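In: The following block contains a protein sequence and its predicted model.
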Amino acid sequence: MSLQLLWLVPILPLLGALLNGLGAGRLPRKVVSAIGVGSVGAALVIALGCFATLLGMPGEERFFAQTLFSWIDSGDLSVAVRLGLDPLSAVMMLVVTGVGFLIHVYSTGYMNHEKDYGRYFSYLNLFTFCMLMLVLADNFLVMFFGWEGVGLCSYLLIGFWYTKPSAAEAGKKAFIVNRIGDWGFLIGIFLLFVTFGSLDFGRVFTEAPSILPLGGGMATAIALFLFVGATGKSAQIPLYTWLPDAMEGPTPVSALIHAATMVTAGVYMIARCHVLYALAPTALLVVAVVGAATAVYAATIGLVQKDIKRVLAYSTVSQLGYMFLAMGVSAFAAGIFHLMTHAFFKALLFLGAGSVIHALSGEQDMDRMGGLKKHLPRTHATMLIATLAIAGIFPFAGFFSKDEILWKAFSNGGPILWAAGVIGAFLTAFYMFRLYFMTFHGSERLTPEAKGHLHESPNSMTIPLMLLAVLSLIGGLIQVPLLQGGQRLDAFLEPVFADLARVGGAAAHGAAAAAGHGAAHAAHDPGQEIALMLVSLAIALAGIYVAHRFYVKDPQAPHRLAARARGWYDLLWNKYWVDEIYDARIVQPIVRLSNRLWKDVDAAVVDGAVNGIGRKIEQGAGWLRLAQTGYVQLYALILTVGLVVVFGYLALR
């Protein structure tokens, strides 16, 4: 397939969004489904064709740029809407269109009874278009267009049921928190233009090693401001609080946001800007530490949540932490590998949770589930595969990607970062199998309404589950460690990250500094890698064993433990009171200041001046109005007096 068709990949979902948006409420549901699903399906077919063409090219030639039109040409700033396809953007393009297509198919069943069916698919298609523009952009401004587009779409989809106050609030929270991150991203873009006089990826990344000194202030500032944007979009400390509340949207939306779009944007952006980060070891240190801290922190909150979707939300925050940990230790390909496998099993987990919620008439509290294994056989089997994958159990996809990150964290960053990753792995295995056991095993704790409605989901929902289960099972085989020729993803992405050699190996230096190591890279020791692999696997199995003891063998044990450690339990249950602290220390002071400015400045000064002038004019008009009596004699008298005054003035001159 010709690469000249690349422009159709983002445009087809945009056309779907326009058609369903303009016809919302008028088009039949089958037509809406055909447009919504068909547009993304066609984009996937073209994306696969472009990928195959790219794969057939020599490694060093795997880059294609397509200029659609000139966008801005003002002074020194010249920006074109140009798409770029290379191995990195190709992987992201396939993840977005592939997983996105399955989520669209699933939505036809899950949202079948939704009144605003057309509006839903219009938003979903628009989300896909914006994410494709983000990953295919060939300059920072087009990337920022997609970046802001997915932010807008997240607001629309999280608050899709806008008549529900909690959904409307969650949509606003996501939008506002992301604006904070986008402030940093914009400053990073401004600094790039000031430094390079261009926003084109090619020019910036080619000239960066010669313009920006290694470890210099400008390189560090650019990298850190860009990372602020990433912490907002990819829900890292301290801007993670919007993502758990995003569960108020429809479950397929949660799957799309968490698996294939939006939250992966920050990870992709750092991977795309790897040259800039290689020149800023301090920024890499920050990325690694924030990623490791987020991975553990979010996992601890997931230990006690009872809402099945909130457990998965904190799981996403934690898994994104792993990806940023990989970026911080210069394992850029490993981070993208985990992004890909995470898209498979996290989409499956959310869609599987949606199937459970659908079967239970909207119930999301795991305390009101249990024993669903025999009632939902397809959902159970696929959810088990996804849970094994995210726990990092061999040979599922998550084992290969998470193990590679842990190995890179140890070899490039040192034992402290590795230990944080291992702790996160134990917690992940525990809370995910807690979710699995509480949902599918043990005694039934269903409400009478849910029990009467209990049924397996239709094929439109279970077939995407089965396809994602296959990907969650075999997806990791693209990157098999210690096997000659087994690391195919590394080989495919190598042309993208080859320019790191020009920076002099600085990419791992920041993470090494985080662990107190002077060396950027430890020598590769296969024996050590195998040992660490076995340790991480044993840790994950230990997490599963503890979850089984707590929630299958002795279901009262968690209650006894929570009673004995009430303070710790309350801390985790209330999510460390971070939302409350933000509200008390940041939100409410801003609200009070805004009210004071409104009353004392806007109302008193601005409105007072404008209204005061108006009142004076009105008062003057009132006096002048007295001269309008309607008597011709009075008007003649005034005219005569006026003439006498004028002539007298002229005579005296």
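Out: Arrived safely, thanks for sending.
In: Helix, strand or coil: sort out residue 84 for me.
Out: Recorded secondary structure, residue 84: strand (DSSP: H, G, I helix; E, B strand; the rest coil).
In: Output the lowest mean pLDDT helix or strand found in the protein.
Out: For the chain, counting by mean pLDDT, DSSP states H and E, helix 509-514 ranks last in confidence among helices and strands (a mean of 48).
In: next SSE after that helix?
Out: Sequence-wise, the next helix or strand downstream of helix 509-514 (DSSP states H and E) is helix 526-548.
In: what angle sits between the helix or strand just after that next one and helix 526-548?
Out: Downstream of helix 526-548, the next assigned helix or strand under DSSP H and E is helix 557-564. Counting by axes from the mean of the first three to the mean of the last three CA atoms, to 10 degrees, helix 557-564 lies at 90 degrees to helix 526-548.
In: just use 21 as the starting number from now, easier for me
Out: Sure, I'll start counting at 21 from here, so that last one is helix 577-584.
In: which outside residues touch helix 577-584?
Out: Contacts to helix 577-584, defined as CB atoms under 8 Å, 6 or more residues apart in numbering, come from residues 324, 569-571, 589. (Each C-beta comes from the backbone N, C-alpha and C, glycine too.)
In: Roughly how far does residue 150 sit from residue 84?
Out: Residue 150 is 21 Å from residue 84, where distance means CB to CB, to the nearest Å.
In: check which helix or strand covers residue 203.
Out: Counting by DSSP H and E, residue 203 is part of helix 185-216.
In: which strands and helices sit next to that helix?
Out: The contact analysis (3 or more CB pairs under 8 Å, 6 or more residues apart in numbering; DSSP states H and E) places helix 185-216 against helix 160-178, helix 221-231, helix 237-253, helix 262-265.
In: Send me the third one as CSV with only the CA atoms.
Out: If I follow you right, that is helix 237-253. Taking Å, rounded to 0.1, in the frame of the first residue of the first chain, the C-alpha atoms of helix 237-253 are listed here in CSV:
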residue,chain,number,x,y,z
GLY,A,237,20.2,24.9,32.0
MET,A,238,18.2,25.3,28.8
ALA,A,239,18.1,21.6,28.0
THR,A,240,17.0,20.8,31.6
ALA,A,241,14.3,23.6,31.5
ILE,A,242,12.9,22.4,28.2
ALA,A,243,12.8,18.7,29.3
LEU,A,244,11.3,19.5,32.7
PHE,A,245,8.6,21.8,31.3
LEU,A,246,7.7,19.2,28.7
PHE,A,247,7.5,16.6,31.5
VAL,A,248,5.0,18.8,33.4
GLY,A,249,2.7,18.4,30.4
ALA,A,250,3.4,14.6,30.6
THR,A,251,2.5,14.4,34.3
GLY,A,252,-0.9,16.0,33.5
LYS,A,253,-1.8,14.0,30.4
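In: quick one, the helix holding residue 203 and helix 237-253 angle?
Out: Going by the same axes, to 10 degrees, helix 185-216 makes 160 degrees with helix 237-253.
In: Could you give me the buried positions within helix 185-216?
Out: For helix 185-216, the neighbour count (16 or more other CB atoms under 10 Å) marks 187-188, 190-191, 193-195, 197-198, 200-202, 204-209, 211-213, 215-216 as buried.
In: returning to that earlier point: for the helices and strands packed on helix 185-216, give me CSV that also has distance to residue 514, mean neighbour count and mean pLDDT.
Out: Output for the helices and strands packed on helix 185-216, formatted as CSV (distance: least, CB to CB, whole Å; neighbours: other CB atoms under 10 Å; pLDDT from 0 to 100):
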stretch, distance to residue 514, mean neighbour count, mean pLDDT
helix 160-178, 23, 22, 95
helix 221-231, 16, 17, 94
helix 237-253, 23, 23, 96
helix 262-265, 32, 24, 92
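In: now these as TSV including distance to residue 397?
Out: Converted to TSV, the helices and strands packed on helix 185-216 look like this (distance: least, CB to CB, whole Å):
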stretch	distance to residue 397
helix 160-178	30
helix 221-231	48
helix 237-253	37
helix 262-265	30
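In: Those helices: which one's closest to residue 42?
Out: For the helices and strands packed on helix 185-216, proximity to residue 42 was assessed by CB to CB; helix 160-178 is nearest, at 15.8 Å.
In: Quick check on the spatially most central residue of the chain: phi, psi?
Out: The C-alpha lying nearest the average C-alpha coordinate of the chain belongs to residue 283 (CA atoms, centre = their mean; 1.6 Å). Main-chain torsions, residue 283, degrees, to the nearest 10: phi -70, psi -20.
In: what bridges to residue 104?
Out: In this entry, residue 104 is beta-bridged to residue 85, by DSSP bridges.
In: Wait, it touches residue 88, no?
Out: No: Residue 104 lies out of contact with residue 88 (CB atoms under 8 Å); the separation is 11.6 Å.
In: Compare those two (neighbour count), which wins?
Out: residue 104 (21 against 14; other CB atoms under 10 Å).
In: Contacts only, for the more buried one.
Out: 83-86, 156-158, 221.
In: can you give me the strands in the stretch 21-170 of the chain?
Out: 84-94, 97-105 (DSSP state E, counting those that start in this stretch).
In: so what's residue 640 scoring on pLDDT?
Out: Note for residue 640: predicted pLDDT of 88.
In: distance of it from residue 665?
Out: Remark: distance between residue 640 and residue 665 (CB to CB) = 21 Å.
In: Just give the closest residue to the residue nearest to the centre of the chain, not the sequence neighbours.
Out: Nearest non-adjacent residue to residue 283, counting by CB to CB, 6 or more residues apart in numbering: residue 254, 5.1 Å away.
In: Pull out the buried residues from stretch 59-73.
Out: Counting neighbours by 16+ other CB under 10 Å, stretch 59-73 gives 59-67, 69-71, 73 as buried.
In: what do you get for stretch 411-430?
Out: Going by 16+ other CB under 10 Å, stretch 411-430 has these buried residues: 411-413, 416-430.
In: ok, now stretch 336-344?
Out: So stretch 336-344, judged by 16+ other CB under 10 Å, has buried residues 336-344.
In: re the thing from before, which one of residue 150 and residue 84 is surrounded by more residues?
Out: Shown here are residue 150 and residue 84; by other CB under 10 Å, residue 150 has more neighbours (26 against 19).
In: Find the residue closest to that one in space, skipping its chain neighbours.
Out: In space, residue 150 is closest to residue 169, 2.9 Å off (CB to CB, 6+ apart).
In: separation between the one you found and residue 412?
Out: Distance of residue 169 to residue 412, computed by CB to CB: 33 Å.
In: Which residue ranges of the stretch 271-420 of the chain form strands?
Out: Applying DSSP E, counting those that start in this stretch to the stretch 271-420 of the chain gives no strands.
In: got the residue ranges for the helices in it?
Out: 271-275, 285-292, 294-298, 301-322, 328-348, 352-379, 397-411, 417-428 (DSSP state H, counting those that start in this stretch).
In: between those, which one is nearest to residue 621?
Out: Using CB to CB, the nearest of those to residue 621 is helix 285-292, at 36.9 Å.
In: which strands and helices sit next to that closest one?
Out: Here helix 285-292 touches helix 107-130, helix 137-156, helix 160-178, helix 237-253, helix 328-348, helix 352-379, going by 3+ CB pairs under 8 Å, 6+ apart.
In: Dump those helices into CSV; add distance to residue 315 as well.
Out: Output for the helices and strands packed on helix 285-292, formatted as CSV (distance: least, CB to CB, whole Å):
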stretch, distance to residue 315
helix 107-130, 21
helix 137-156, 24
helix 160-178, 22
helix 237-253, 14
helix 328-348, 3
helix 352-379, 11
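In: nearest to residue 269, of these?
Out: Ranking the helices and strands packed on helix 285-292 by proximity to residue 269 (CB to CB) places helix 160-178 first, at 4.2 Å.
In: how about the CA coordinates for that closest one, as PDB?
Out: Output in PDB follows, covering the C-alpha atoms of helix 160-178 (Å, rounded to 0.1, in the frame of the first residue of the first chain):
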ATOM      1  CA  PHE A 160       5.500  20.200  18.100                       C
ATOM      2  CA  LEU A 161       2.600  22.500  17.100                       C
ATOM      3  CA  VAL A 162       0.600  19.800  15.300                       C
ATOM      4  CA  MET A 163       1.400  17.500  18.300                       C
ATOM      5  CA  PHE A 164       0.000  20.200  20.600                       C
ATOM      6  CA  PHE A 165      -3.200  20.300  18.500                       C
ATOM      7  CA  GLY A 166      -3.700  16.600  19.000                       C
ATOM      8  CA  TRP A 167      -2.600  17.000  22.600                       C
ATOM      9  CA  GLU A 168      -5.300  19.600  23.300                       C
ATOM     10  CA  GLY A 169      -7.800  17.700  21.200                       C
ATOM     11  CA  VAL A 170      -7.700  14.600  23.300                       C
ATOM     12  CA  GLY A 171      -8.000  16.900  26.400                       C
ATOM     13  CA  LEU A 172     -11.200  18.300  24.900                       C
ATOM     14  CA  CYS A 173     -12.600  14.900  24.000                       C
ATOM     15  CA  SER A 174     -11.800  13.500  27.500                       C
ATOM     16  CA  TYR A 175     -13.900  16.400  28.900                       C
ATOM     17  CA  LEU A 176     -16.800  15.500  26.500                       C
ATOM     18  CA  LEU A 177     -16.700  11.800  27.100                       C
ATOM     19  CA  ILE A 178     -16.000  11.700  30.900                       C
END
